[in-house]
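1. Return atomic coordinates for the entry below.
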Amino acid sequence: MTDERATILLVDDEPDFLHFAQLNLEDQGYAVSTAESARMAHGVLADREFDVVVVDVRMPGVDGISFMEKVKAGGYEGQFIVLTGFGSIDGAVQAMRKGAFTYLTKPINPGDLAMEIEKAVRMSAVTRENTRLREKLAELTSGDTLLGDSPAMRRVKQLVSAAAACDSPVLITGESGTGKDVAARAVHGLSLRRSFRMVTVNCAAVPAELWESEMFGYEKGAFTGATGRKQGKIELAGRGTLFLDEILELPGQVQPKLLRVLENKCFERVGGVQTITVDFRLICATNRDLEEAIQAERFRKDLFYRLNVIPIHIPPLRERRNDIMPLAQHFLSLYSQDMKKRLEFTSEAEQRLEDYDWPGNVRELRNAIERAVVFAAGNQIGHLDLGLGSNHTTHASMPAIYSPMPNAANETMPLREAMAEFQRDFIQHALNQNNGNITVTAKQLQMARETLQRLVKKHRL
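-> The predicted model follows:
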């Protein structure tokens, strides 16, 4: 008996075979329809989908193999089982070459037919699920930064699809701006948990003293100011996905507690005694070296192994240069449409885009194209409109300069004002690359977080 009502279409010009085969298969839980010719079968297929079609090769009018070819050409994704009453090996080989799942020789043993149908039903389900995952992945990434058809990005998309098919923890690594959050959303959106929420936590944005209450929630009276019960992020994720971005910023005192939740699937709220059972999927991301953090004893090795079940690394844009122009054209089309403009790149602009090292990766590319579209005066975007400076490459640890330094020969502002303007634009661009994240930007600019906060306030960024 099958778990679900798989659908079977029997196509044969022998009414007795159709009658007894239908009864036998219905007894095993299948939903069975019949047709005595290819013409009748086309009409049945037009009304509903079938997991498996069983067709005789020798039939009046259109033969079984020609019928199979025509149905497959129309987009049918199920499986064909071909029957032959003459034991023709050549005919069977031809049927397999043209896409049949298998063939059987008449007279058919009911047990053999049922066994092959069961195999074909499973294969049909796998084929349709793979198609659904490919379509869903294309939908999820068509307007975002997982775009690209380089071998490296094809591998990333394969890993995303594979990760979506299970519930194991996923660790996404890659430089800032490569699209780790997009990959996380794609894994969730393709998974069976997609109908539940995805809760995102930026670990760098949560003060260390608030981590436990944010993650686990708290009970009324657990501490001063706890005037009521509050659910934490883990509980809010429910049966969905919890995405912890910048996982290396997770405080040391919270790491063993997160490990316990992953291993035992339960926790207690701060100030509570009730054990709460949870069923969520965990995805983490980082732009830093976790193994280096383990060596420096900033991150627990056992937690790392628990998180790194399915590793997905998104390569920087400079390592997949074939993706630069397709991405640039996509963003140009996107922003041109939004701003009711018709624009194209000059050949010099395309060369600049391809030669530039993109230290901010896809995020920087997207920002550069958006800025160029906003300020475009004509119908073309030239290399100077991109605002990438005079150098084609930029040191990977520093952000690209937002705008070039004023030229002393034609600027009348005092040196102090020019330096302040440069500092403001430089910091603003770095913040844009990191989505306004102060902690990450301070590390990138190699300055204290407090210093950066002071400059942000000073320049009113």
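2. all contacts plus neighbour counts: C-alpha atoms, from now on.
-> Fine.
3. Strands along this protein, start to end?
-> Counting by DSSP state E, the chain has strands at residues 7-11, 31-35, 52-56, 79-84, 102-105, 170-173, 198-202, 241-245, 266-267, 276-277, 281-286, 310-313, 344-345, 380-381.
4. Counting by contacts, list what the fourth one packs against.
-> Just to be clear, that refers to strand 79-84. Contacting strand 79-84 under the criterion 3 or more CA pairs under 8 Å, 6 or more residues apart in numbering; DSSP states H and E are the following elements: strand 52-56, helix 64-73, helix 89-97, strand 102-105, helix 110-141.
5. pLDDT of that strand, averaged?
-> The pLDDT scores in strand 79-84 average 89.
6. Now do the contacts for Asp245.
-> With contacts taken as CA atoms under 8 Å, 6 or more residues apart in numbering, Asp245 has the following neighbours: Asp181, Thr200, Val201, Asn202, Cys203, Cys284, Ala285, Thr286.
7. Just give the number of residues close to the first one.
-> For Asp181, the number of neighbouring residues by other CA atoms under 10 Å comes to 20.
8. Could I get the contacting residues of the nearest residue to Thr346 once chain neighbours are set aside?
-> The shortest distance from Thr346 to any non-neighbouring residue, by CA to CA, 6 or more residues apart in numbering, is to Gly382 (5.4 Å). Residues near Gly382 by CA under 8 Å, 6+ apart: Phe345, Thr346, Glu348, Ala349.
9. how far away is the last one from Met339?
-> Plainly put, Ala349 is 20 Å away from Met339 if you go by CA to CA, to the nearest Å.
10. These two: who's more crowded?
-> The residue with more neighbours, out of Ala349 and Met339, is Ala349; 18 against 11, by other CA under 10 Å.
11. Quick check: the more buried one touching Ile381?
-> Yes. With contacts counted by CA atoms under 8 Å, Ala349 reaches Ile381, the gap being 6.8 Å.
12. on that earlier part again, most packed of the helices and strands packed on strand 79-84?
-> Greatest average neighbour count among the helices and strands packed on strand 79-84 goes to strand 52-56 (a mean of 26), per mean count of other CA atoms under 10 Å.
13. Listing partners with orientation, what would you give for it?
-> strand 7-11 (parallel), strand 79-84 (parallel) (DSSP bridges).
14. How far does the shortest one sit from its chain's centre?
-> Spelled out, that is strand 7-11. Distance of strand 7-11 from the chain centroid (CA atoms, centre = their mean, to the nearest Å) equals 36 Å.
15. Quick one: residues in contact with it.
-> Residues contacting strand 7-11 (CA under 8 Å, 6+ apart): 18, 22, 30-38, 41, 49-56.
16. Run the angle between it and strand 31-35 for me.
-> On the basis of axes from the mean of the first three to the mean of the last three CA atoms, to 10 degrees, strand 7-11 is oriented at 20 degrees to strand 31-35.
17. Mean confidence (pLDDT) on strand 7-11, please.
-> Averaged over strand 7-11, pLDDT sits at 93.
18. Extract the C-alpha set from that strand and format it as PDB.
-> Listed next in PDB are the C-alpha coordinates belonging to strand 7-11 (Å, rounded to 0.1, in the frame of the first residue of the first chain):
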ATOM      1  CA  THR A   7      -1.700   8.200 -10.000                       C
ATOM      2  CA  ILE A   8      -1.200   5.600 -12.800                       C
ATOM      3  CA  LEU A   9      -2.400   5.600 -16.400                       C
ATOM      4  CA  LEU A  10      -2.600   2.200 -18.200                       C
ATOM      5  CA  VAL A  11      -2.600   2.500 -22.000                       C
END
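19. low-confidence ranges in this protein?
-> 1-4, 86-92, 130-145, 389-419 (pLDDT under 70).
20. Can you spell out the domain ranges of it, please?
-> In terms of domains, the chain is parsed into 7-132, 142-315, 318-459 (source: automatic domain parsing).
21. Ala73 and Thr7, how far apart?
-> 20 Å.
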